[in-house]
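A.B. asks: sequence? don't have it. structure:
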DNA sequence: ACGTAATTGTTTCATATCCAACAACACCCG
DNA sequence: CGGGTGTTGTTGGATATGAAACAATTACGT
């Protein structure tokens, strides 16, 4: 938003450094035991600077999640523009590529049991995305659309979670093919 | 120097970022073709900030070299304090460890033919260090001490250069043992 | 060879960040 | 229970850095 005015380099640097530091700590220890001091220290940033950009560590976590969700959203919406509509769902490969290139973040998120936020938001995003897809053609809904969307979204996240937590043993292409087949079997 | 007053975090960050950016570029392209713009851009730092800390790119290169030379000096002098004087020369392993942990820098330095500076200063440091060592005991000098120091220092740098440029195919321990044997064979 | 573009140092003003200090609160150990 | 210790937000003044502009030079393509 407000993409016209480019933000100050210092702000970008600080935020980036803080988020990186935070995610590192996040993958090392329990969220509740992470302190603002630690974050600032590791980010090589003054403690006040952290408070300048984030209200507290919960806000920081929230912003981190939001950022990736938004990235996923734009990734999907951009592709809808020039879509060849081969099927209802798009090719999942770019999604897996995104997970792959940000695996430290997603690994941390999936590893930490406490983070309901992340899973909830990711699930909500995917399920609504699927619902819109399924509504479009005049399909006779013998099964409730919302339920099916929820079902497929959960399945999808489950696969991604497994893939990430097992250090991505397959290529993104392979995963995308698998998922597309599974979706097609369920007439999505 | 002036270690009492700790420098501002911003200065440390900027310098660190600039040096890292510069060394990356240094390993990618010829030194003469590196521009301050590039350095600043990659370091995510304003161009003015580069000029604030370094007069020009030659100064920047100089400071980078100086920093590592000083690190090597302190590494050696600190060990002289608690030395068991097993032989005249100290165990070379810590030196190799230092090369190993900063291999990107040394690799860049050795790869670039243009940099006489670096090789010269490293050579000077090692040869004078050796000379001091060889003067200490009342050894009958059938060979000129300075010549021998120069000889051994060149040999040492040659080995290090080979090791670095071949991606460190042996452990630091192995290299240290080899070097110690070679030195002992030459009665150093 | 010419002209356009890029780079270089340098300056001015705005501002993000620093450091230090503070009170309030939480934690933990004896 | 009490007190030392650490964390939390928040301030104020100092300063490093940013963005933008500038003239002077250099590099480069046609």
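C.D. replies: Looks like it came in fine. Quick caveat: nothing in here was measured; it's all calculated off a predicted structure.
A.B. asks: low-scoring stretches of chain A, by residue?
C.D. replies: A:1-5, A:79-90, A:112-117, A:136-143, A:187-188 (pLDDT under 70).
A.B. asks: switch to 80 and redo it
C.D. replies: For chain A, the stretches with pLDDT under 80 are A:1-6, A:77-92, A:108, A:110-121, A:130, A:132-148, A:150-151, A:165, A:184-188.
A.B. asks: and it, split by domain according to the record?
C.D. replies: As assigned by automatic domain parsing, chain A contains the domains A:8-54, A:66-185.
A.B. asks: distance of residue A:133 relative to residue A:157?
C.D. replies: Note on residue A:133: its distance to residue A:157, by C-beta to C-beta, to the nearest Å, is 16 Å. For every residue, glycine as well, the C-beta is placed using N, CA and C.
A.B. asks: buried deepest among the domains of chain A, which one?
C.D. replies: Mean neighbour count, computed with mean count of other C-beta atoms under 10 Å in any protein chain shown, is highest for domain A:8-54 among these, reaching a mean of 16.
A.B. asks: so after the biggest helix by length in chain A, what's the next helix or strand?
C.D. replies: With secondary structure taken from DSSP state H, chain A has its longest helix at helix A:57-81. Once helix A:57-81 ends, the next helix or strand along the chain (criterion: DSSP states H and E) is helix A:93-101.
A.B. asks: that next one vs helix A:57-81, what angle?
C.D. replies: Per axes from the mean of the first three to the mean of the last three C-alpha atoms, to 10 degrees, the angle that helix A:93-101 makes with helix A:57-81 is 150 degrees.
A.B. asks: let me see the contact set for residue A:128.
C.D. replies: By C-beta atoms under 8 Å, 6 or more residues apart in numbering or on different chains, residue A:128 lies in contact with residue A:149.
A.B. asks: where does it fall, secondary structure wise?
C.D. replies: helix A:116-135.
A.B. asks: circling back: show residues contacting the longest helix of chain A.
C.D. replies: So helix A:57-81 is contacted by A:18-19, A:22-23, A:26, A:31, A:34, A:36, A:39, A:50, A:54, A:90, A:94-95, A:98, A:102, A:105-106, A:109, A:115, A:117-118, A:121-122, A:125, A:129 (C-beta under 8 Å, 6+ apart).
A.B. asks: does it reach DNA strand C?
C.D. replies: No - Helix A:57-81 lies out of reach of DNA strand C by C-beta under 7 Å from any atom of the strand, never closer than 13.8 Å.
A.B. asks: report the distance from stretch A:64-74 to the chain centre.
C.D. replies: Distance, stretch centre to chain centre, for stretch A:64-74: 6 Å (C-alpha atoms, centre = their mean, to the nearest Å).
A.B. asks: so which of the domains of chain A comes closest to residue B:172?
C.D. replies: Nearest to residue B:172, of all the domains of chain A, is domain A:8-54, at 27.2 Å by C-beta to C-beta.
A.B. asks: quote the end-to-end distance of the closest one.
C.D. replies: 17 Å (C-alpha to C-alpha, to the nearest Å).
A.B. asks: circling back: redo the domains of chain A as TSV? Include distance to residue B:7.
C.D. replies: Formatted as TSV, the domains of chain A follow (distance: least, C-beta to C-beta, whole Å):
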stretch	distance to residue B:7
domain A:8-54	12
domain A:66-185	31
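A.B. asks: could you dump those to CSV with distance to DNA strand D?
C.D. replies: Listed next are these as CSV, based on distance: least, C-beta to the nearest atom of the strand, whole Å:
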stretch, distance to DNA strand D
domain A:8-54, 3
domain A:66-185, 16
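A.B. asks: got the residues of chain A near chain B?
C.D. replies: Contact residues, chain A versus chain B (C-beta under 8 Å from any C-beta of the partner chain): A:9, A:12-13, A:44-46.
A.B. asks: next, the angle from the helix or strand that contains residue A:183 to helix A:93-101.
C.D. replies: If you go by DSSP H and E, residue A:183 is part of helix A:172-185. Orientation check (the same axes, to 10 degrees): helix A:172-185 against helix A:93-101 gives 140 degrees.
A.B. asks: which elements pack onto helix A:172-185?
C.D. replies: Helices and strands touching helix A:172-185, by 3 or more C-beta pairs under 8 Å, 6 or more residues apart in numbering or on different chains; DSSP states H and E, are helix A:93-101, helix A:145-165.
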